[in-house]
Structure formats: C-alpha cells, structure tokens
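> Attaching a predicted model along with its sequence, questions to come.
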Amino acid sequence: MMTKIAPAVVVLGENSVAVARKIISVIPGATLYGLAGRTCEVDVSFTNFGQTLRELFAEGTPLIGICAAGILIRTLAPIISDKRTEPPVIAVAEDGSAVVPLLGGLSGVNDLARHIAEALDVKAAITTTGDIRFRTALLSPPPGYYLANPDDAKTFISDLLAGAQVKLEGTASWLSNSQLPIDSQGDLTIQITERLVLPTPKRLVYHPATVAIAITNTIDVSSVQQLLADAELAPASVAAIFAPLTVAANPAIHAVAEALGVP
C-alpha cells in the first residue's frame, strides 16, 4: 500500500541531495526539505530539524530522512503514541546503501521502503516478521482493500506465526499468491467481502473497493448511508460515485463522495 499523502524527503547536507532526488523521481509529489545553510536548490529550507520533523509527523506526512536512523528515532520519540495513525518513517543512508523502515507499519511503510530501495538498487531492511515469512502485509493491504478489524490483526498474525493455518473466503490475488499457510480447514479465517459482516479475533475481514454508486438526482449523505446499510454493504467497499453530467456539479453529490472518501 502506497501512502495517500506525498512524503517529505529530508536532508541535512548537500552530500545527501543526489540520493534524495533519485528517491523523489519515483515518488510523485514528494517534497525535498533541506537544512538552511548546508543545502541549496531544495523545495523547502528549514533551520530547526526537530521542530520541522515533528510538525510534519503530526500532520501525517510520511518522512524519508537521508540520515542516521537514530536521529529520526530520538527526534520523533516524544510524540510517538498511536501506531494506528502514525505515518511512515524511513531512514536512508547518505550514500543510498540502506533503506530502513522505522514506523508506520499500518500505513504502508514496508511497501514504500521497497519502492525506494528498488530505485536505489538495494534491498529494504524489512524486519516485520509477518512480511518476511508470509510475503504479504496483512496490516497494510494494497490499494483497493480495507481491513475492517485492524485491532484483531496483531493476535491473528501471532497465531499464524505460531503455526496456525488460515482459510480464505472470497478472492484476492495478493493473499492467494502469498506464502500464508492457507488450508480449507484452517482455524483462522480471512474473508474478502463487500458485505457488512462481524469481524472476530479469529476472522480478519477485508472490504474490496468494488461497489459503484450511481446518483441521478439530488440525494444527501444520510440517504446514501441508509441505502448501503439496507443493502448490507460496507461503506469501505464503495469505489466511486457516478452521476450524469447534467447533475454532476451538484454540491450534494460531491458531499456524498467526500463523506465516503472516494472520487
């Protein structure tokens, strides 16, 4: 899963700019932050490294620091609180020889690290046991899938690592092509469905974005939410809102899309 917010690539010296630009070339919208007086021709100059990083982190901006991992850890440690909302944080060696994901396991940090590492022609230093063994990230599904019960995932993954087997209900190639211990008689279940179902600690539920909503006249958010509820469809499975050109500019239609977080 790639991040929805474009990252900030942060450098402390001119020697790091070349690696930073190589990273930015493969991440559309990324911004280059450089320490004033030590870098030139950057997008944003800063004078206070700690304050700048903490502000970006608090805003949810993914951080790619071309610096030692320890600097990033010590700088952000005072404000690290909720792993479910923290953005990706990655340390990259000044010469591009190492890419180390530090934070943001639930927001796609490993995928972002692999993407950067590929651009630098190195291997990302992935340390997440589940990613390594199963070749997939259950906590951060790829675009188009939403995990309904992330709070259950930690114990679920621990059970898998301890030897439990899992059965798949539904279809998703990123799961069926992984190295998960899939067995039709498994004690654990992964369900891929557009339907509203009750997740449990032994059942992870992923909602695929496969539902299209067509609106042909004025309708409000609550009405759409009620329609989804009546059809027993998960709002997270809505992929987009469609409308004929004659009414497409109606603010009410855009309000529905905004409420559901879709185009």
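Structure's in. What do you need? Just so we're clear, the structure is a prediction, and the values are computed from it rather than from any experiment. Numbers count the residues shown, from 1 in each chain.

> those helices in the stretch 51-200 of the chain, which residues are they?
69-76, 109-120, 129-134, 150-161, 173-176 (DSSP state H, counting those that start in this stretch).

> Need the winner for burial among these.
helix 109-120 (a mean of 21; mean count of other CB atoms under 10 Å). C-betas here are computed from N, CA, C, even on glycine.

> what's it in contact with?
Helix 109-120 has contacts (CB atoms under 8 Å, 6 or more residues apart in numbering) with 1-3, 7, 19, 22-23, 25-27, 62, 64, 88-90, 92, 96-97, 99-104, 123-126, 128, 131, 137, 140, 142.

> Could you identify the buried members of the residues you listed?
Among the contacts of helix 109-120, those classed as buried by 16 or more other CB atoms under 10 Å are 1-3, 7, 19, 22-23, 27, 62, 64, 88-90, 92, 96, 99-104, 124, 126, 128, 131, 137, 140.

> Next step: these restricted to strands.
64, 89, 90, 92, 99, 100, 101, 102, 103 (DSSP state E).

> and which of the residues you listed is nearest residue 174?
residue 101 (18.8 Å; CB to CB).

> who's that closest one bridged to?
residue 90 (DSSP bridges).

> any idea how far it is from residue 91?
8 Å (CB to CB, to the nearest Å).

> repeat for residue 226
For residue 226, the distance to residue 91 equals 47 Å [CB to CB].

> same thing with residue 4?
Taking CB to CB, one finds residue 4 at 22 Å from residue 91.

> And residue 3, what's its pLDDT?
pLDDT for residue 3: 63.

> make that residue 11, sorry
97.

> Contact partners for it?
Contacts of residue 11 by CB under 8 Å, 6+ apart are 17, 20, 32, 33, 34, 35, 39, 42, 66, 67.

> Please flag which of these sit within helices.
17, 20 (DSSP state H).

> end-to-end on stretch 124-139?
18 Å (CA to CA, to the nearest Å).

> who's in contact with that stretch?
Applying CB under 8 Å, 6+ apart, the set of residues contacting stretch 124-139 is 1, 98-101, 105-106, 108, 110-111, 113-114, 116-117, 147, 150, 153-154, 156-157, 160-161, 174-175, 178-180, 190, 204.

> likewise stretch 26-40?
With contact meaning CB under 8 Å, 6+ apart, stretch 26-40 is reached by 6-14, 16-17, 20-21, 23-24, 42-47, 49, 52, 56, 64, 115-116, 118-119.

> ok, now which ones touch the closest residue in space to residue 91 that isn't next to it in sequence?
Nearest non-adjacent residue to residue 91, counting by CB to CB, 6 or more residues apart in numbering: residue 69, 3.9 Å away. Residue 69 sits next to 91, 100, 102 when contact means CB under 8 Å, 6+ apart.

> And residue 69, what's its pLDDT?
So, for residue 69, pLDDT stands at 95.

> Nothing else from me, thank you.
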